[in-house]
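Q: pasting the sequence and the predicted model now:
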Amino acid sequence: MENVYLAIVLAPLIGAIVAGFFGKTIGRAGAHWVANIGVAISFVLSLVVFKHIIIDGAAPFDGTVYTWMVTDGIRFQVGFLIDELTAVMLLVVTFVSFMVHIYTIGYMQDDDGYQRFFSYISLFTFSMLMLVMSNNFLQLFFGWEAVGLVSYLLIGFWYKKESAIYANLKAFLVNRVGDFGFLLGIAAVLMYFNTLDYAEVFQAAPAMANLTIEVLPGTQWSLMTVICILLFIGAMGKSAQMPLHVWLPDSMEGPTPISALIHAATMVTAGIFMVARMSPLYELSETALSVVLIIGALTAFLMGLLGIVQNDIKRVVAYSTLSQLGYMTVALGASAYAAGIFHLLTHAAFKALLFLAAGSVIIAMHHEQDIRKMGNMKKYMPVTWICMLIGSVALIGVPPFAGFFSKDAIISAVHHSHIWGAGFAYIMVVLGVFITAFYSFRMYFLVFHTQERMDEHTKEHLRESPKVVTVPLILLAIPSVLAGMFFVMPMLFEGLFGNAIHVAPEHNVLGEIGEHYTGVMSYIAHGVLELPFWLALAGVGSAWYLYVKRPELPEMFKNKMLWLYNLLVRKYGFDEFNDFFFAGGARGIGKSFWNIGDVKLIDGLLVNGTARTVGWLASKFRHIQTGYLYHYAFAMIIGLVGLVLLFVNQAP
């Protein structure tokens with residue numbers, strides 16, 4: 001199986017290299033064939049691994065592929081850990097990536113950077129696979145930074161657009177903040193455990209659970225708390241948790257396929273996966289779990305509110321991603337790691353579906369993204385319409401669609417949790433259900449069911465997207481409906497993850513919940529009687545009433561609650577804060593270094609200053625060169641006299 005594991009990561013890497021370096025030689029068709037075949041191989045082999053580990057129950061693999069360096073007894077290695085958690089993540093990443101690769105053929109067909117785009121998305125897939133398959137912190141950090149680098153390239157893919165340049169710079173800078181904390185956390189692991197290997201760190205962690213360190217003079221902090229919070233700061237950047245969330249909505253500047261890939265299966269899920277992988281450490285610090293819980297709850301609620309005032313179809317879906325990532329983070333903070341990964345799996349399917357359906361609408365609208373200029377598109381795009389409906393219903397959590405099972409599990413887990421902050425988190429995630437349903441169906445009704453608001457030229461050319469676009473939508477719609485029913489019992493209550501996820505007995509909220517369920521139907525029967533289900537229906541009803549039945553009301557509410565509307569449109573001021581203190585501050589420091597260091601010091605003093613000094617000295621010394629022989633003879637005599645006096649003075 002070791003060769004299978006290698007092939008999973010190398011296949012998309014080879015596709016990326018061939019499409020990137022030989023794209024002009026093999027042409028557009030050659031580029032998409034080699035990239036798609038590479039990811040298809042990874043997907044098929046991931047199915048093999050899933051069967052081997054999950055279905056057949058084979059023992060996990062933990063082995064070294066390559067030793068990079070050994071110093072002072074510490075081994076820096078590339079290695080694979082293939083267990084139940086890895087098997088699930090491999091399936092999610094490769095399936096969604098494969099669907100996005102196929103979809104890209106239709107979406108990017110007229111783009112000049114066609115081969116370059118396929119190279120980038122294959123490299124993105126390779127980077128994420130290296131991250132989820134790692135068995136040590138060094139390789140984890142490599143994959144972590146690699147997905148960040150490729151996301152920078154993809155968000156700014158249309159590099160001639162100023163907004164795209166700003167967006168990829170913003171993503172890069174914000175993630176540097178998170179990655180600084182992440183790197184400090186890894187450094188702390190290396191310092192105190194003297195190893196970067198997961199298995200060795202997890203084995204030694206319980207013995208160090210009560211160890212304290214002096215972070216500030218005179219203050220003692222739990223080592224586990226410090227390590228876990230530092231690692232979580234990295235997750236806050238990658239998985240866009242407040243306040244390091246500001247880059248994710250702007251990532252919409254990239255082409256729609258990469259929006260789907262970033263939001264559904266790669267970069268933003270890296271932080272969720274990392275915390276779940278580090279569960280043996282987080283279970284030793286309730287303080288760290290509380291931090292995770294509260295940050296996730298705030299993100300789930302506050303970012304959902306912002307989705308209500310968005311008019312760009314991709315940004316509405318983007319803010320739903322932020323909110324759903326908050327739900328996953330809440331699950332991690334409640335020690336319901338399995339529920340968080342379960343929601344990651346279902347969310348990957350329906351969020352990729354929503355993004356790609358939004359992209360299908362954008363293609364039909366000739367790249368118009370304002371939902372206020374759409375309407376009644378059900379008439380022109382029936383396949384996209386039904387796929388968007390399936391994705392929206394799955395997102396808001398209506399049974400038996402996938403999102404119902406995973407979101408309901410998270411809400412129940414938080415309700416049963418005794419970790420500090422769980423009560424607050426429960427209120428936030430329950431209110432978030434109504435908000436999610438409201439903004440999701442606001443978008444859905446405005447795009448597909450209200451009166452037509454597009455211009456006549458656009459209306460004349462409206463038609464369903466080609467099959468290369470709609471087939472991936474249909475294939476993603478299937479798990480958006482069925483994945484919850486198939487995985488809810490094994491993942492949450494039957495121990496599918498085995499020893500890959502560790503939960504302390506006192507934190508085992510999923511175990512408590514599982515005592516009440518005997519199967520999928522009992523889960524559904526219980527769920528439809530709970531408050532979240534009815535709040536979801538209320539959100540849909542409210543959206544229908546305000547945007548279909550009484551479309552004049554939203555404008556009236558906006559005028560009466562203008563302060564709240566402006567607060568939401570300004571995104572609580574986070575962008576202004578980022579621009580002034582962070583991005584603006586970074587640019588200001590850069591300009592200061594440029595003006596003082598480069599222009600004045602290096603150019604002004606060292607380079608130009610040296611040249612001017614030499615020029616000035618030359619202008620003075622050249623007057624000595626008169627051309628008269630007696631002047632030179634006189635100078636020689638003076639020099640000779642000076643030498644004689646020098647030797648005379650030195651003589652004994």
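A: Cool, the structure landed.
Q: mind listing the helices for the stretch 401-550 of the chain?
A: Along the stretch 401-550 of the chain, the segments classed as helices by DSSP state H, counting those that start in this stretch run 402-416, 422-448, 456-460, 467-492, 509-514, 520-527, 531-544.
Q: closest one to residue 58 among the ones you listed?
A: Set against residue 58 and scored by C-beta to C-beta, those come closest in helix 467-492, at 16.2 Å. Every C-beta, even on glycine, is put in place using the N, C-alpha and C of the backbone.
Q: next one: that closest one to chain centre, how far?
A: Once both centres are worked out by C-alpha atoms, centre = their mean, to the nearest Å, helix 467-492 turns out to sit 21 Å from its chain's centre.
Q: got the buried residues for that helix?
A: When neighbours are counted by 16 or more other C-beta atoms under 10 Å, the buried residues of helix 467-492 are found to be 469-473, 475-477, 479-481, 483-485, 487-489, 491-492.
Q: so where's this structure uncertain?
A: Within the chain, the ranges that satisfy pLDDT under 70 run 578-588, 590, 593-594, 597-599, 604, 621, 630, 649-652.
Q: output the longest strand belonging to it.
A: As assigned by DSSP state E, the longest strand anywhere in the chain is strand 61-71.
Q: mind listing the strands that one pairs with, and their directions?
A: strand 74-82 (antiparallel) (DSSP bridges).
Q: could you point out which element follows the partner strand?
A: Using DSSP states H and E, the helix or strand that follows strand 74-82 in sequence is helix 84-107.
Q: got the angle between that next one and strand 74-82?
A: Going by axes from the mean of the first three to the mean of the last three C-alpha atoms, to 10 degrees, helix 84-107 is angled at 70 degrees with respect to strand 74-82.
Q: what angle do helix 84-107 and helix 467-492 make?
A: Orientation check (the same axes, to 10 degrees): helix 84-107 against helix 467-492 gives 170 degrees.
Q: kindly export helix 84-107 (C-alpha atoms) in CSV.
A: Coordinates of each C-alpha in helix 84-107 appear next as CSV, following Å, rounded to 0.1, in the frame of the first residue of the first chain:
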residue,chain,number,x,y,z
GLU,A,84,-9.4,6.6,9.5
LEU,A,85,-9.3,10.4,9.7
THR,A,86,-6.8,10.5,6.8
ALA,A,87,-8.9,8.1,4.7
VAL,A,88,-12.0,10.4,5.1
MET,A,89,-10.1,13.5,4.3
LEU,A,90,-8.5,11.9,1.2
LEU,A,91,-11.9,11.0,-0.1
VAL,A,92,-13.3,14.5,0.5
VAL,A,93,-10.3,16.4,-1.0
THR,A,94,-9.9,14.2,-4.2
PHE,A,95,-13.6,13.9,-5.0
VAL,A,96,-14.3,17.7,-4.8
SER,A,97,-11.1,18.5,-6.5
PHE,A,98,-11.9,16.1,-9.4
MET,A,99,-15.4,17.7,-9.8
VAL,A,100,-13.8,21.1,-9.9
HIS,A,101,-11.2,20.0,-12.4
ILE,A,102,-14.0,18.8,-14.8
TYR,A,103,-16.1,21.9,-14.2
THR,A,104,-13.0,24.1,-15.0
ILE,A,105,-12.9,22.9,-18.6
GLY,A,106,-16.2,24.6,-19.2
TYR,A,107,-15.8,27.6,-17.0
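Q: now for that helix, which elements pack on it?
A: When contacts are defined as 3 or more C-beta pairs under 8 Å, 6 or more residues apart in numbering; DSSP states H and E, helix 84-107 packs onto helix 2-21, helix 23-50, helix 114-133, helix 256-264, helix 267-277, helix 337-364, helix 467-492.
Q: any idea how far the shortest one is from the middle of the chain?
A: It refers to helix 256-264. Computed by C-alpha atoms, centre = their mean, the chain-centroid distance of helix 256-264 equals 10 Å.
Q: and the contacts of that helix?
A: Contacts of helix 256-264 from elsewhere in the structure, counted by C-beta atoms under 8 Å, 6 or more residues apart in numbering, are 96-97, 100, 103-104, 107-108, 117, 120-121, 124-125, 151, 154-155, 157, 248, 251-252, 254, 268, 314, 317-318, 321, 347-349, 351-352, 355-356, 358-359, 362.
Q: which residue packs closest to residue 36, ignoring adjacent ones?
A: For residue 36, ignoring the flanking residues on the chain, the nearest one in space by C-beta to C-beta, 6 or more residues apart in numbering is residue 101 at 4.8 Å.
Q: mind listing what that neighbour touches?
A: With contacts defined as C-beta under 8 Å, 6+ apart, the neighbours of residue 101 are 32, 35, 36, 39, 118, 121, 122.
Q: out of the residues you listed, which is nearest to residue 575?
A: Within the contacts of residue 101, the smallest distance to residue 575 is 27.6 Å, found for residue 121 (C-beta to C-beta).
Q: so that closest one makes contact with residue 102?
A: No - because the distance of 11.3 Å does not satisfy C-beta atoms under 8 Å, residue 121 is recorded as not touching residue 102.
Q: return stretch 147-154 as PDB; C-alpha atoms alone will do.
A: Extracted in PDB, the C-alpha atoms of stretch 147-154 (Å, rounded to 0.1, in the frame of the first residue of the first chain):
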ATOM      1  CA  VAL A 147      -1.800  25.700   0.200                       C
ATOM      2  CA  GLY A 148      -1.200  29.300   1.300                       C
ATOM      3  CA  LEU A 149       1.200  29.900  -1.500                       C
ATOM      4  CA  VAL A 150      -1.000  28.400  -4.200                       C
ATOM      5  CA  SER A 151      -4.100  30.200  -2.800                       C
ATOM      6  CA  TYR A 152      -2.200  33.400  -3.300                       C
ATOM      7  CA  LEU A 153      -1.500  32.500  -6.900                       C
ATOM      8  CA  LEU A 154      -5.100  31.500  -7.500                       C
END
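Q: so what's residue 269 closest to, chain neighbours aside?
A: Excluding its sequence neighbours, the residue lying closest to residue 269 (C-beta to C-beta, 6+ apart) is residue 344, at 5.4 Å.
Q: that neighbour against residue 331, yeah?
A: No - with the criterion set as C-beta under 8 Å, residue 344 and residue 331 do not qualify as a contacting pair; they are 9.2 Å apart.
Q: neighbour count winner among the two?
A: Regarding residue 344 and residue 331, a neighbour count based on other C-beta atoms under 10 Å identifies residue 331 as having more, with 36 against 26.
Q: tilt between the helix or strand that one falls within and helix 337-364?
A: Element membership for residue 331, per DSSP H and E: helix 313-333. Interaxial angle, helix 313-333 versus helix 337-364 (the same axes, to 10 degrees): 180 degrees.
Q: what comes up buried for helix 313-333?
A: Buried residues in helix 313-333, defined by neighbour count with 16+ other C-beta under 10 Å: 313-333.
Q: about what we covered before: between the helices of the stretch 401-550 of the chain, which gets nearest to residue 291?
A: Put simply, out of the helices of the stretch 401-550 of the chain the one that sits nearest residue 291 is helix 422-448, at 11.6 Å, with distance taken as C-beta to C-beta.
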